[in-house]
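> need the 3D shape of this:
(chains A and B)
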Amino acid sequence: MIKGLNIKESAQGGLIASTYLGYSLVFWIFPFVWLLILTFSDWQFIGTPSFSGLDNFFNVIQDPLFWKSMKNVFRFLMYYLPMVIFASLFFALGLKKIKYGKSFIALSFLLANVSSGVAYSIVFSKLFSDTGPINDFMNSVFGFTIPWFTNPDFAMFSIAIVITWKFVGYYGLIFYSGLVSIPKEIYDAAELDQTGPVKRLFKITLPLMNAQIIMVVVLAITVAFGIFTEPYLITGGGPLESTTTPMVVMYEAAFQRMEPSWAATMSIFVAIISFTLIWVLRKLFEKNIEIV
Amino acid sequence: MRLSNVKVTIAGLFSLALVAGCGSEKEESASLKMWVAPNAAQEVFWTAVTSEWNSIPGNKPVEFTTIPATGSSEEAVMSALASGTEPDITTNIFSGFAAQLHGLNQIVDFSKLEGYSELIEQRQMHNIMTSWDYDGAKPVIPIYVNPVMYWWRTDILKENGFDKIPTSYDEIYALSEKFTIPNKQYAVQVAAGKNWWDRWFDFVTFYYAQSDGMQYVENNQATYNNEAGLEVLGFIDKMFANKWANYDFGANDPLTTGELIGAVRGPWDISRYEQQHPEILKTIKLGPIPTKDGASDKKTATFADSKGLVLFKSSEMQDDAWKFINWVYSNPKFDLEWIKATSQPPARGDLTSNPIFSDYYKNNPLAKGFAEYVDVAIPSASTSETVAVQRSMTQMLERLIFTDSEIKNSVDTSVEEVNKLLGK
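Just a heads-up that it's a prediction; the model follows:
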């Protein structure tokens, strides 16, 4: 009887799991195996891939555009990380102080995160263009303009502003969840010890939010390696390839130069570099914080 | 328990079916499948044409859909070829992509089909077809040839004391000096944008005009580091060095906002302006692409945004497909329908001499202006490396605009880069 019941349970379990297994087989394992096949072969979308050994790996490493796009990811992170962490933290601290309409404000900020990349890229390219309203305003008030997207030194910074706008609500909510989980008693004790607000922030709030900060940084790194729509639509990867990201390079290689094997190989490099970066970051900065 | 086993089996079969569904087997079809550009005007045209064809007894029915929504037509076609879901015929193929498809042995050489020579003869397309030659093969039937021209706001030109349209670099310098207010208004647009495809509408267009139609890639070698290329880059460089040009006008059309007096535009802009800016359209006058010495009696060469149709070798109904193509393009009535629907000049050499089009062009002088330049409009170079070539051209321009790079160094670097790539 018990044996029969176990078999029935297993069958039901198998049935439930089969949809997920089927899904994984089609949408995860198949593309992954295909990716591995492509990296060791030469293929142009049509016909059977021919084995090419490690040629794709050497070709990617020798391509200056690959290295340029990698350098651009780090340039982007240099602007984006401080900007998005500061802005999100500021948003979370502000949200904690607000008494009414919290959900409405949180949702308003979160709206940017679910907006269409194509739509807001067009809006930002209009707003920040050399002859756009922001530069018009700056010219009339301060007497100068900023080449937001047309200066090789400024363009990536401007892209970072756009992406910060998109993610500030999302990361802010993650920080907010960390902020509200810090027991009030700790702040009360600090107040009794006459600890100032700056010291409280750096000695209590930020250390106790280590998990959330690490999470946001990890998410930000994955964003940095994955940005495509904004540079592709706003700057076209320029000027002087200063905003060419790995995704732009891989997209152009696969679908415009018709070299999907090359693009697949580059994606392996990108994955290894981003995973390594995240692994190193977690090893160095992640702490196991327990509030007892 | 038995029921559960059945459920598990069904689920397993379902998963297998999902995987099997990704196979590339093509089903035999009773009708010809055709893809057309995702453009309302072209859909109107093809709806009328296919309805007429399908109503003739004995014809293999043609069903058309727009090219599936992806990043580009090229991406959609390549994805379809990879999965074996390509149609029999597709339109919207530009010369560079045709070179790739021909290189991959995917498209039928029309010149080997019966009736091809007669069709070309009847449409007077010999000159046009020289730009669509792939090692002697003719795997594309060009559908339209959109010469790009300079559009001038005559109202602003007059306000600034220019009664004549500028056609030489010196005239543009003079106009720029008078009209430019940095970050506010500029005389002309000499850089069309930041993406690789924008080079078709600045450097390539200026180069064709200055070189009298010479190709920038010939026999797998880049050639634009010649005198014409240097003249064009010198012009662009001087415009930016004097702050008479801007690289970024945002997503607005600066010609409609008065930020510009002249810019490169194509016939497709006529219907857009008719709908959105009819008052401004009344002030527009066409001019040739500016060159160092300006216009002469001879028409100035220009770039042609030209697209054609191809027939895939995988089609099991090649004879029926060719019969349909031949039927459409051997009847000038459809060309007239095409112009009326899209404002784009059909690819034929007798547009201004064939009486069937005379009424239309009489009532549409701007469209006529474009049609007159069809015979000197040259499409993109027939290279499978179009993206890489034009990416390199973008770098060449940006080095001039944003750094102190010398013109000669900048063009030589680009040509060297492209030759290395084409030599692979």
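
> what about residue 101, how many residues nearby?
By default, I'm working from chain A. Using other C-beta atoms under 10 Å in any protein chain shown, residue A:101 has 10 other residues around it. No exception for glycine: its C-beta is placed from N, CA and C like everyone else's.

> that was the other one, I meant chain B.
Neighbour number of residue B:101 under other C-beta under 10 Å is 25.

> can you check residue B:362 too?
Neighbours of residue B:362 (other C-beta under 10 Å): 9.

> tell me the mean pLDDT for the helix or strand where it lies?
Using DSSP states H and E, residue B:362 maps to helix B:355-363. For helix B:355-363, mean pLDDT rounds to 92.

> poorly predicted segments of the chain, please.
Assuming you mean chain A. Residue ranges of chain A with pLDDT under 70: A:1-5, A:291-292.

> chain B was what I was after
The model of chain B has pLDDT under 70 over residues B:1-29, B:70-71, B:251, B:424.

> tell me the domain ranges of it?
Following automatic domain parsing, one gets these domains for chain B: B:32-147+B:304-378, B:149-302+B:383-422.

> out of these, which comes closest to chain A?
Distance to chain A, taken as C-beta to the nearest C-beta, is lowest for domain B:149-302+B:383-422 among those, at 2.7 Å.

> how close does residue B:401 sit to residue B:408?
Here the criterion is C-beta to C-beta, to the nearest Å. By it, residue B:401 lies 16 Å from residue B:408.

> which of these two has more neighbours?
Counted by other C-beta under 10 Å, residue B:401 and residue B:408 do not tie: residue B:401 has more neighbours, with 22 against 13.

> tell me the contacts of residue 138?
This is for chain A. By C-beta atoms under 8 Å, 6 or more residues apart in numbering or on different chains, residue A:138 lies in contact with A:144, A:145, A:146.

> um, chain B though
So residue B:138 contacts B:109, B:110, B:111, B:116, B:129, B:132 (C-beta under 8 Å, 6+ apart).

> from what I can see the fifth one touches residue B:120, true?
Translated: residue B:129. Yes - look at residue B:129 against residue B:120 with C-beta atoms under 8 Å: they come within range, at 6.1 Å.

> helices or strands up against the helix or strand harbouring residue B:415?
Using DSSP H and E, residue B:415 maps to helix B:407-422. If you count contacts as 3 or more C-beta pairs under 8 Å, 6 or more residues apart in numbering or on different chains; DSSP states H and E, helix B:407-422 packs onto strand B:221-222, helix B:227-241, helix B:386-402.

> rewinding a little: emit the PyMOL select command for whichever of the contacts of residue A:138 are buried.
Those of the contacts of residue A:138 that count as buried under 16 or more other C-beta atoms under 10 Å in any protein chain shown are selected in PyMOL with:
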select buried, chain A and resi 145+146
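
> near chain B, from the contacts of residue A:138?
Among those, proximity to chain B is found for residue A:145 (C-beta under 8 Å from any C-beta of the partner chain).

> in a markdown table: the contacts of residue A:138, plus distance to residue B:261 and secondary structure.
Below are the contacts of residue A:138 laid out as a markdown table (distance: C-beta to C-beta, whole Å; DSSP: H, G, I helix; E, B strand; the rest coil):
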| residue | distance to residue B:261 | secondary structure |
| --- | --- | --- |
| A:144 | 25 | coil |
| A:145 | 21 | coil |
| A:146 | 26 | coil |
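
> wait, which of the contacts of residue A:138 is closest to chain B?
When those are compared against chain B (criterion: C-beta to the nearest C-beta), the nearest one is residue A:145, at 5.0 Å.

> would you confirm that the closest one contacts residue A:139?
Yes - in this structure residue A:145 lies within contact range of residue A:139 using C-beta under 8 Å: 5.1 Å.

> what about the strands in chain A?
Along chain A, the segments classed as strands by DSSP state E run A:41-42, A:50-51.

> show me what the last one pairs with in its sheet, parallel or antiparallel.
Strand A:50-51 pairs in its sheet with strand A:41-42 (antiparallel), by DSSP bridges.

> from the chain's centroid, how far away is the partner strand?
30 Å (C-alpha atoms, centre = their mean, to the nearest Å).

> same question for stretch B:250-266.
Chain-centre distance of stretch B:250-266: 19 Å, with C-alpha atoms, centre = their mean.

> how about the lengthiest helix in chain A and chain B, touching?
For chain A, the longest helix by residue count, based on DSSP state H, is helix A:64-97. No - between helix A:64-97 and chain B, judged by C-beta under 8 Å from any C-beta, nothing touches; the nearest distance is 8.7 Å.

> in that helix, what's buried?
A:65-66, A:68-70, A:72-73, A:75-77, A:79-81, A:83-85, A:87-89, A:91-92, A:95.

> I'd say residue B:380 and residue B:204 touch.
Yes - with contact defined as C-beta under 8 Å, residue B:380 reaches residue B:204; the gap is 7.2 Å.
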